[in-house]
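Student: need a structure here:
(one chain, ligands or ions: 3)
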Amino acid sequence: MPAIIVVGAQWGDEGKGKVVDVFSAQADYVVRYQGGANAGHTLVVEGKKTILHLIPSGILHPETTCIIAAGVVLDIETLCKEISALKTTGLMQNPKQLLISDSATVLLPYHRQLDQAREKALGHEKIGTTGKGIGPAYEDRAARKAILFGDLFNKETLKAKLESALKEKNFLLEKYYKTEPLNVDSLMKTTLKWAEELSHYRCRDTSLVVHKALKASKKVLFEGAQGSLLDIMHGTYPFVTSSSTIAGSALVGSGIGPSTIQKVVGITKAYTTRVGSGPFPSECDDEVGERMRQAGNEFGSTTGRSRRCGWLDLVALKYAIRINGITNLALMKIDVLSGFDELKACTAYELDGQIITEYPVSPGDLARCKPVYETFRGWKEDLTQVKALKDLPRYAQEYVNFIGSQLAVPIDVVSVGPGRDQTLWVKPLF
Ligand code: GDP
Ligand code: IMO
Ligand code: MG
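Tutor: Ligands and ions are numbered 1, 2, ... in the order given. A predicted model of the protein is given here:
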């Protein structure tokens, strides 16, 4: 059963979009199974950049069916805009390219308003969310009062659910957060308009579609959003997102069983970045980090925020490999490290005077960890035109080999630029 899960092995923005776009040339289906429009997945084809928030990164391949599964929180306003932009540029030609699960959770403007109001109220303690309403939408799901995508097509159900939601949300917005409430009638009107636009993509049971595809030996890619260290259960809580971002979530979010999975591909940069608050032991809050930020264009694809940058953290990566069951790795953005005299990789932490090599799951402990580094010689050459792994400069090869041997997982892909063609294959994935 050729089913492959692609997950972020760090704090997000590892380059999942690029990898999924490249693999999609061979995939029959690409499934987004968690997260929402907090994701920003960048695809660069022949110099043209496309940033996707909700639509799976297989969409530029017209023969590939893209699925938004039940585990996603679906910002229907953003999705309408995203579809319309893709249609305008001619990148999406056929409505059959996209299927949306009736069971996906609908995210509406009040979720965004609540997210932003909460962050404002938290002040310095804020999580640094994307402000896209992700937390409040997943809360509704867990509280069993979410509006599901299928509800959008039954006016009475939708009206009743919206009225009930706004009763509570408006109370919070107005009385607690002192912001503007929403009007039921106008929200009903715009919601129906968005529903009409999205009705072409409606699929009652995407789990069944995926199941049948796998049974027929079709190639299915599961596209993770965010990164392992942002996982609600196993990440740097509370500085995490509100969904499970690890490989197990692909099964839960799309409704399939674990025995169908062939590989779990972890995506990592050759260094580390993080957006928002929370511990980051190998962060370089100095000219080194600034240089990575500029060279790697480390500004958020969703919010434009500056990403925090630092050296590769092998302790955290080993943890990600463990909690995801990662079988193969893609090493991204190695081109960004050209020109450094020396490079570092964190191989252990010092915690309260002790050297540890296992990632501490307590965020309090992680916040006190100091990185222990191994140092490498850098290289001067530009890597962006390199076409084969053997043509990488000697010190770049040594760096890649060191990472592979430390992590004891094969590195199947090395990426030397944002473009589809700037991808060095060690081994085809499917
Ligand atoms: P995602 O959220 O994991 O899909 O990653 P993002 O798209 O948010 O961020 C990754 C950024 O790095 C995007 O701007 C990509 O175009 C870019 N990118 C991906 N791979 C490479 C690479 O190998 N080298 C360089 N320089 N940029 C890359
Ligand atoms: P992709 O899929 C990087 C971070 C936010 C914040 C925390 C919680 O592009 O890798 P949320 O809005 O989810 O409640 O924010 O999670 N975050 C991401 N960081 N890449 C992402 O997605 C992210 N999605 C959320 O910055 O720290
Ligand atoms: Mg991103």
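Student: so which bits of the top strand by length along the chain are buried?
Tutor: In the chain, ranked by residue count with DSSP state E as the criterion, the top strand is strand 342-351. Neighbour-count burial for strand 342-351, counted by 16 or more other Cβ atoms under 10 Å, picks out 343-349, 351. C-beta: built from backbone N, CA, C; applies to glycine.
Student: what lines up beside it in the sheet?
Tutor: strand 312-313 (parallel), strand 354-356 (antiparallel), strand 370-377 (antiparallel) (DSSP bridges).
Student: tell me which of the ones you listed sits most buried.
Tutor: strand 312-313 (a mean of 26; mean count of other Cβ atoms under 10 Å).
Student: is any part of that strand close to ligand 1?
Tutor: No. Contact of strand 312-313 with ligand 1 (Cβ under 6 Å from any ligand atom) is absent, the minimum separation being 14.0 Å.
Student: what's the answer for stretch 130-139, then?
Tutor: No. Between stretch 130-139 and ligand 1, judged by Cβ under 6 Å from any ligand atom, nothing touches; the nearest distance is 11.3 Å.
Student: what about that stretch, near ligand 3?
Tutor: No. Judged by Cβ under 5 Å from the ion, stretch 130-139 stays clear of ligand 3, getting no closer than 9.8 Å.
Student: now Phe171: how far from Thr375?
Tutor: 57 Å (Cβ to Cβ, to the nearest Å).
Student: what does this protein have sitting close to ligand 1?
Tutor: 8, 12-18, 40-42, 44, 296-297, 301, 332-333, 335-336, 415-418.
Student: what do you get if the cut-off is 5 Å, keeping everything else the same?
Tutor: 13-18, 40-42, 301, 332-333, 335, 415, 417-418 (Cβ under 5 Å from any ligand atom).
Student: which residues touch Thr241?
Tutor: Contact partners of Thr241, counting by Cβ atoms under 8 Å, 6 or more residues apart in numbering, are 35, 38, 129, 134-135, 226, 230-232, 235.
Student: and the pLDDT at it?
Tutor: We note a pLDDT of 98 for Thr241 in this prediction.
Student: go on, Ser207?
Tutor: 98.
Student: quickly find the element holding it.
Tutor: helix 206-215 (DSSP states H and E).
Student: make JSON lines from the contacts of Thr241 and add pLDDT to it.
Tutor: Formatted as JSON lines, the contacts of Thr241 follow (pLDDT from 0 to 100):
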{"residue": "Gly35", "pLDDT": "98"}
{"residue": "Asn38", "pLDDT": "98"}
{"residue": "Thr129", "pLDDT": "97"}
{"residue": "Ile134", "pLDDT": "98"}
{"residue": "Gly135", "pLDDT": "98"}
{"residue": "Gln226", "pLDDT": "98"}
{"residue": "Leu230", "pLDDT": "98"}
{"residue": "Asp231", "pLDDT": "98"}
{"residue": "Ile232", "pLDDT": "98"}
{"residue": "Gly235", "pLDDT": "97"}
